[in-house]
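Engineer: can't give you the sequence, but here's the structure:
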(Lines give C-alpha, C1' and ligand atoms only; values in the text may rest on other atoms or scores of the structure.)
Protein backbone atom coordinates (compact mmCIF):
# COMPACT_ATOMS: atom_id res chain seq x y z
CA UNK A 1 0.00 0.00 0.00
CA UNK A 2 1.44 3.34 -1.02
CA UNK A 3 2.19 6.03 1.53
CA UNK A 4 -0.29 8.47 -0.05
CA UNK A 5 -3.02 5.82 0.11
CA UNK A 6 -2.32 5.24 3.83
CA UNK A 7 -2.42 8.98 4.58
CA UNK A 8 -5.73 9.25 2.72
CA UNK A 9 -7.26 6.43 4.75
CA UNK A 10 -5.91 7.90 7.99
CA UNK A 11 -7.30 11.38 7.24
CA UNK A 12 -10.64 9.89 6.18
CA UNK A 13 -10.99 7.98 9.45
CA UNK A 14 -9.74 10.94 11.47
CA UNK A 15 -12.31 13.30 9.89
CA UNK A 16 -15.14 10.80 10.47
CA UNK A 17 -14.04 10.52 14.12
CA UNK A 18 -13.97 14.30 14.55
CA UNK A 19 -17.47 14.62 13.03
CA UNK A 20 -18.71 11.86 15.33
CA UNK A 21 -17.25 13.60 18.41
CA UNK A 22 -18.72 16.96 17.39
CA UNK A 23 -22.14 15.36 16.99
CA UNK A 24 -21.82 13.40 20.23
CA UNK A 25 -20.76 16.36 22.40
CA UNK A 26 -22.90 19.07 20.80
CA UNK A 27 -25.76 20.31 22.95
CA UNK A 28 -24.26 18.98 26.16
CA UNK A 29 -22.57 21.05 28.79
CA UNK A 30 -19.39 19.06 28.56
CA UNK A 31 -16.50 20.45 30.55
CA UNK A 32 -13.17 19.32 31.90
CA UNK A 33 -13.34 20.55 35.48
CA UNK A 34 -10.72 18.33 37.06
CA UNK A 35 -8.77 20.90 39.07
CA UNK A 36 -9.86 21.82 42.60
CA UNK A 37 -10.46 25.47 41.67
CA UNK A 38 -12.74 24.55 38.76
CA UNK A 39 -14.65 21.94 40.76
CA UNK A 40 -15.36 24.36 43.61
CA UNK A 41 -16.52 27.13 41.26
CA UNK A 42 -18.71 24.70 39.30
CA UNK A 43 -20.28 23.46 42.55
CA UNK A 44 -20.93 27.03 43.71
CA UNK A 45 -22.47 28.11 40.41
CA UNK A 46 -24.81 25.12 40.32
CA UNK A 47 -26.66 26.37 43.43
CA UNK A 48 -28.89 29.30 44.29
CA UNK A 49 -26.80 32.33 45.29
CA UNK A 50 -27.97 34.63 48.08
CA UNK A 51 -26.21 37.87 49.01
CA UNK A 52 -26.37 39.02 52.63
CA UNK A 53 -27.74 42.48 53.40
CA UNK A 54 -24.46 43.90 54.70
CA UNK A 55 -22.77 42.85 51.43
CA UNK A 56 -25.54 44.56 49.44
CA UNK A 57 -24.99 47.75 51.46
CA UNK A 58 -21.23 47.56 50.96
CA UNK A 59 -21.69 46.91 47.23
CA UNK A 60 -23.57 50.19 46.87
CA UNK A 61 -20.75 52.03 48.69
CA UNK A 62 -18.10 50.38 46.49
CA UNK A 63 -20.26 50.97 43.37
CA UNK A 64 -20.43 47.28 42.49
CA UNK A 65 -23.41 45.29 41.26
CA UNK A 66 -24.56 41.69 41.32
CA UNK A 67 -23.13 41.10 37.84
CA UNK A 68 -19.67 41.75 39.26
CA UNK A 69 -20.29 39.28 42.08
CA UNK A 70 -21.54 36.66 39.61
CA UNK A 71 -18.46 37.19 37.41
CA UNK A 72 -16.19 36.71 40.42
CA UNK A 73 -18.04 33.51 41.35
CA UNK A 74 -17.74 32.29 37.76
CA UNK A 75 -14.17 33.28 36.86
CA UNK A 76 -12.42 33.95 40.17
CA UNK A 77 -9.69 32.00 41.89
CA UNK A 78 -10.35 30.10 45.10
CA UNK A 79 -7.80 30.99 47.79
CA UNK A 80 -7.55 27.64 49.55
CA UNK A 81 -5.10 28.96 52.15
CA UNK A 82 -7.84 31.29 53.45
CA UNK A 83 -10.72 28.84 52.96
CA UNK A 84 -12.18 26.22 55.30
CA UNK A 85 -13.41 23.40 53.04
CA UNK A 86 -13.23 20.72 55.75
CA UNK A 87 -16.04 22.09 57.91
CA UNK A 88 -19.12 19.97 58.57
CA UNK A 89 -22.23 21.43 56.96
CA UNK A 90 -21.45 24.68 55.17
CA UNK A 91 -17.94 25.15 53.82
CA UNK A 92 -16.35 28.60 53.76
CA UNK A 93 -14.39 29.67 50.67
CA UNK A 94 -12.50 32.82 49.77
CA UNK A 95 -12.69 33.72 46.09
CA UNK A 96 -10.57 36.47 44.60
CA UNK A 97 -10.57 38.18 41.22
CA UNK A 98 -8.66 41.34 40.36
CA UNK A 99 -8.98 43.58 43.43
CA UNK A 100 -12.13 42.10 44.96
CA UNK A 101 -12.32 39.23 47.41
CA UNK A 102 -15.52 37.39 48.36
CA UNK A 103 -16.02 35.21 51.40
CA UNK A 104 -18.83 32.76 50.77
CA UNK A 105 -20.56 30.00 52.66
CA UNK A 106 -21.25 26.97 50.46
CA UNK A 107 -24.11 24.92 51.89
CA UNK A 108 -25.92 21.92 50.38
CA UNK A 109 -28.72 23.89 48.71
CA UNK A 110 -27.58 27.52 48.92
CA UNK A 111 -24.51 29.72 48.54
CA UNK A 112 -24.39 32.77 50.81
CA UNK A 113 -22.07 35.67 50.01
CA UNK A 114 -21.08 36.71 53.54
CA UNK A 115 -18.45 39.35 52.95
CA UNK A 116 -16.94 41.44 50.17
CA UNK A 117 -13.52 43.03 50.49
CA UNK A 118 -11.95 45.50 48.08
CA UNK A 119 -8.18 45.06 48.01
CA UNK A 120 -5.92 48.13 47.67
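Structural biologist: Nice, I can see it. Please read all numbers here as calculations on a predicted model, not as lab measurements.
Engineer: which residues of the chain score low on pLDDT?
Structural biologist: 27-31 (pLDDT under 70).
Engineer: per the record, what domains does it have?
Structural biologist: 1-30, 34-118 (automatic domain parsing).
Engineer: Please verify my assumption that residue 47 contacts residue 112.
Structural biologist: No. Counting by Cβ atoms under 8 Å, residue 47 does not reach residue 112; the two are 10.0 Å apart. (C-beta placed from N, C-alpha, C; glycine too.)
Engineer: rewinding a little: winner for burial among the domains of the chain?
Structural biologist: With neighbours taken as mean count of other Cβ atoms under 10 Å, the domains of the chain reach their highest mean count in domain 34-118, at a mean of 15.
Engineer: got the end-to-end distance for it?
Structural biologist: Domain 34-118 stretches 29 Å from its first residue to its last (Cα to Cα, to the nearest Å).
Engineer: Kindly report the same for stretch 85-93.
Structural biologist: End to end - Cα to Cα - stretch 85-93 spans 7 Å.
Engineer: How about residue 48, nearest residue that isn't a chain neighbour?
Structural biologist: residue 110 (5.4 Å; Cβ to Cβ, 6 or more residues apart in numbering).
Engineer: wait, what's in contact with that neighbour?
Structural biologist: 47, 48, 49, 50 (Cβ atoms under 8 Å, 6 or more residues apart in numbering).
Engineer: my read is the last one is in a strand, agree?
Structural biologist: By that I understand residue 50. Yes. Counting by DSSP: H, G, I helix; E, B strand; the rest coil, residue 50 is located in a strand.
Engineer: tell me the contacts of it?
Structural biologist: 110, 111, 112, 113.
Engineer: rerun that using 10 Å as the cut-off
Structural biologist: Listed by Cβ atoms under 10 Å, 6 or more residues apart in numbering, the contact set of residue 50 reads 104, 105, 107, 110, 111, 112, 113, 114.
Engineer: would you list every one of the strands in the protein?
Structural biologist: For the chain, the strands defined by DSSP state E cover 48-51, 77-78, 91-97, 100-106, 110-118.
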